[in-house]
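Engineer: what follows is a predicted structure for the sequence shown.
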Amino acid sequence: MAASGTFKQEMPPKGGYKPIDWQQRIPRAMSGPRMLLAASAVWGFFMAKKMYFHRMFMMDEREMNDSRVALIPFYLAERQREEMVRFRQNRDYENELMKDVDGWVTGTLFGEKVYVEDDRCYAPGGVEYFRS
């Protein structure tokens, strides 16, 4: 394969290369007051950021707490409604179970009132409430 044109050898630039800098260069350290100023600026920035996000977090917490407090009456009403449903289920179960016993009155234990006392509802224990 023949080379087209003339061959040109790469040569250093005219005047030669720049001298090689082989000495070690150690950067100057920051002075004490400048370092203290820089550290104070960084610390101040992050403290401002922390206070901002803490404020946002506390606002969210306050809103969630207000929501919980506002929903407490609904939770209590739902729990009382479920108790009333369970009382009715227990009463119906007792009626079905004791239908063949003569003289049995539902809601009494051998003629003594169990669930109602002085026009107040008696809160039964776990065994009475969850039976069936």
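Structural biologist: Cool, the structure landed. Predicted model, so just to flag it, every value in this text is computed and none were measured.
Engineer: so how many other residues sit close to W22?
Structural biologist: W22: 5 surrounding residues under other C-beta atoms under 10 Å. (Glycine included, C-beta is placed from N, CA and C.)
Engineer: can you show me the helices along this structure?
Structural biologist: Assigned by DSSP state H, the helices in the chain fall at 32-97, 126-129.
Engineer: out of these, which comes closest to Q24?
Structural biologist: helix 32-97 (23.1 Å; C-beta to C-beta).
Engineer: so how far is the closest one off the chain centroid?
Structural biologist: 9 Å (C-alpha atoms, centre = their mean, to the nearest Å).
Engineer: need the helices of the chain in JSON lines with mean neighbour count and mean pLDDT, can you?
Structural biologist: As requested, the helices of the chain are arranged in JSON lines below (neighbours: other C-beta atoms under 10 Å; pLDDT from 0 to 100):
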{"stretch": "helix 32-97", "mean neighbour count": "11", "mean pLDDT": "94"}
{"stretch": "helix 126-129", "mean neighbour count": "10", "mean pLDDT": "70"}
